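Q: need coordinates for the following:
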Amino acid sequence: MHAIWFFVTDCGDSAVTVPLALLTLAFLVAARQRRHAFVWALTIGGCAVAIGVLKLAFGTCGERIPLGPIVSPSGHTAMSTAIYGSLALLVAARLSPSRRISVYGAAAVAVIGIALSRVVLHEHNLPEVVLGWVVGAGAVVFFGVALRREAAPVLPVTWLLLCGAVLVAAMHGTRWMIEPAVHRLAWDFRLALPWCR
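A: From the prediction side, this is the model:
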């Protein structure tokens, strides 16, 4: 059973989600959907910055932040929620309501599975996963509001999904060691800031 949870959690690793976000951006730019490309970059970049800042804040002075036992909010949960959730909105924009529900359902299953895997594998506790989800969900809401203000983007959705599936399969199992780098940086900040020791 652990092998299944490792398989699921790897779908939320930055080695998978970041290339998928860049692929989506490339499709938007190639389709001359400049506004959507800008909003996509702002959404995903904003989520990455927000979760990075939270990881540094909790890693540096976490015991002084009254939000319970949070040491490091879940980046897997935040980024997978933002990317898979926003991608679902993008793909479903021109679909019929019944097909839209299927796309949203698939994204929800992926996000929930990744979030649960972080707890099951003892990588994060529940409050850390919830905080990561809140950050990612905020990004999806932002993207959804921006998407509604424009005409639905014209994209080769089949090609986007096919290329996305190939990319996920190719990168799956690869792990980018971002978390240890964030922990080292937080420790450096902790040593430099006397009120956080």
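Q: gap between whichever strand or helix holds residue 106 and the chain center?
A: Assigned by DSSP states H and E, residue 106 falls within helix 97-120. Between the centre of helix 97-120 and the centre of its chain there are 13 Å (Cα atoms, centre = their mean, to the nearest Å).
Q: contact partners of the following helix or strand past it?
A: Following helix 97-120 in sequence order, the next helix or strand is helix 126-148 (DSSP H and E). Residues external to helix 126-148 that are found in contact with it (Cβ atoms under 8 Å, 6 or more residues apart in numbering): 36, 39-40, 43-44, 46-47, 50-51, 54, 67-82, 85-86, 89-90, 93, 111, 115, 118-119, 124. For every residue, glycine as well, the C-beta is placed using N, CA and C.
Q: show me which residues of stretch 139-153 are buried.
A: Neighbour counts over stretch 139-153 (16 or more other Cβ atoms under 10 Å) mark 139, 140, 142, 143, 144, 146, 147, 153 as buried.
Q: equivalent analysis for stretch 70-84, please.
A: Applying 16+ other Cβ under 10 Å to stretch 70-84 flags 70, 72-84 as buried.
Q: now it, how far from the chain's geometric center?
A: So, by Cα atoms, centre = their mean, the centroid of stretch 70-84 is 5 Å from its chain's centroid.
Q: let me see the mean pLDDT of that stretch.
A: If you average the pLDDT over stretch 70-84, you get 93.
Q: now residue 155. Its backbone dihedrals?
A: When quoted as degrees, to the nearest 10, the phi and psi of residue 155 stand at phi -130, psi 150.
Q: how about residue 176?
A: On the backbone of residue 176 - angles per degrees, to the nearest 10 - the values are phi -90, psi 130.
Q: next, the contact list for it, please.
A: 13, 14, 15, 18.
Q: which of those residues sits closest to residue 4?
A: residue 13 (15.6 Å; Cβ to Cβ).
Q: could you measure from the closest one over to residue 157?
A: From residue 13 over to residue 157 the distance is 25 Å, taken as Cβ to Cβ, to the nearest Å.
Q: who has more neighbours out of these two?
A: residue 13 (22 against 17; other Cβ atoms under 10 Å).
Q: re the thing from before, ok, the buried residues of stretch 139-153 vs residue 107, which is closest?
A: Of the buried residues of stretch 139-153, the one sitting nearest to residue 107 (Cβ to Cβ) turns out to be residue 140, at 9.1 Å.
Q: how close does that closest one get to residue 79?
A: From residue 140 to residue 79 the distance is 11 Å (Cβ to Cβ).
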